[in-house]
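Novice: any chance you can model this:
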Amino acid sequence: MRSLALSSAIAVAAAALPASQAHAQQARAGERADFVLVDKSDRKLWVYQGGRVIRSYSGLQYGDRPMGHKRFQGDERTPEGRYTITYGNEQSSFYLSLHIDYPNARDRAYARARGRSPGGLIFIHGQPNGLPFDERVPGDWTDGCIALSNAEIAELWSLVPDGTPIEIRP
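Specialist: Predicted coordinates:
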C-alpha cells in the first residue's frame, strides 16, 4: 500500500513543479535511506545511505515551543534523541506523514514519574491538507512534529523505508 501511495505522492509532487524540478523530487534508482538526522537549531534534515548524505532539507518547522526536548503532551515541543520512523501515513491531515516512535521507554518513565502523559503521534509531515500544494504555513505551527514543504515530504517519503533510525539533535 505504501508503494501505491508513494507513486501517487510523487506524481502529484511532480505535476505541481516545473519539469526541471520534478525529476529532482524522485528517488534515484537504488537510493534508500538508512539513517535520518535532524538538527533542530539549524533547522536542517539530512538523509543518509551508507554513511553518505543523499539529500538535505532546510527551513524545518516545529511546534510553537521548538527549544528543548518534548516531555509532556501539549508542550508543543519536538522530541530530541534517537527514535525510529515506523510507518508512513497517506491518510494524514497533512500532505503525507512519516511516524516517529516517540515516546520511547525513557520518555514514558520521565512523564509517568511526574504524573503526566508524554504525548505521542509525532510525525515528519507536509503542510495541512487544503492548503495550495506549493504554499507553507508561516513560522512554527505544529504540535511537536517536524513539517516540510509538500514537495520535500513527497521526496522524503520516497527515500525513507519503515524502520529507518532517526536522530533529532537540539
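
Novice: who does the longest strand seen in the chain touch, helix- and strand-wise?
Specialist: Ranked by residue count and defined by DSSP state E, the top strand of the chain is strand 81-89. If contacts are counted by 3 or more CB pairs under 8 Å, 6 or more residues apart in numbering; DSSP states H and E, strand 81-89 sits against helix 2-15, strand 97-100, strand 164-169. Where C-beta positions appear, they are placed from N, C-alpha and C, glycine not excepted.

Novice: which strands and helices sit next to the shortest one?
Specialist: Looking back up the chat, that one is strand 97-100. strand 81-89, strand 122-125, helix 150-159.

Novice: list of residues touching it?
Specialist: 79, 83-89, 121-126, 145, 153, 156-157, 160, 166, 168 (CB atoms under 8 Å, 6 or more residues apart in numbering).

Novice: let me see the contact set for the residue most central in space within the chain.
Specialist: The geometric centre of the chain, computed from its C-alpha atoms, lies nearest to I124 (CA atoms, centre = their mean), at 1.8 Å. Applying CB under 8 Å, 6+ apart, we find I124 in contact with 45, 85, 97-98, 100, 145-148, 153, 156.

Novice: quick one: which of the residues you listed is nearest G74?
Specialist: C145 (13.5 Å; CB to CB).

Novice: ok, the closest one - contacts?
Specialist: 62-63, 78, 97, 122-125.
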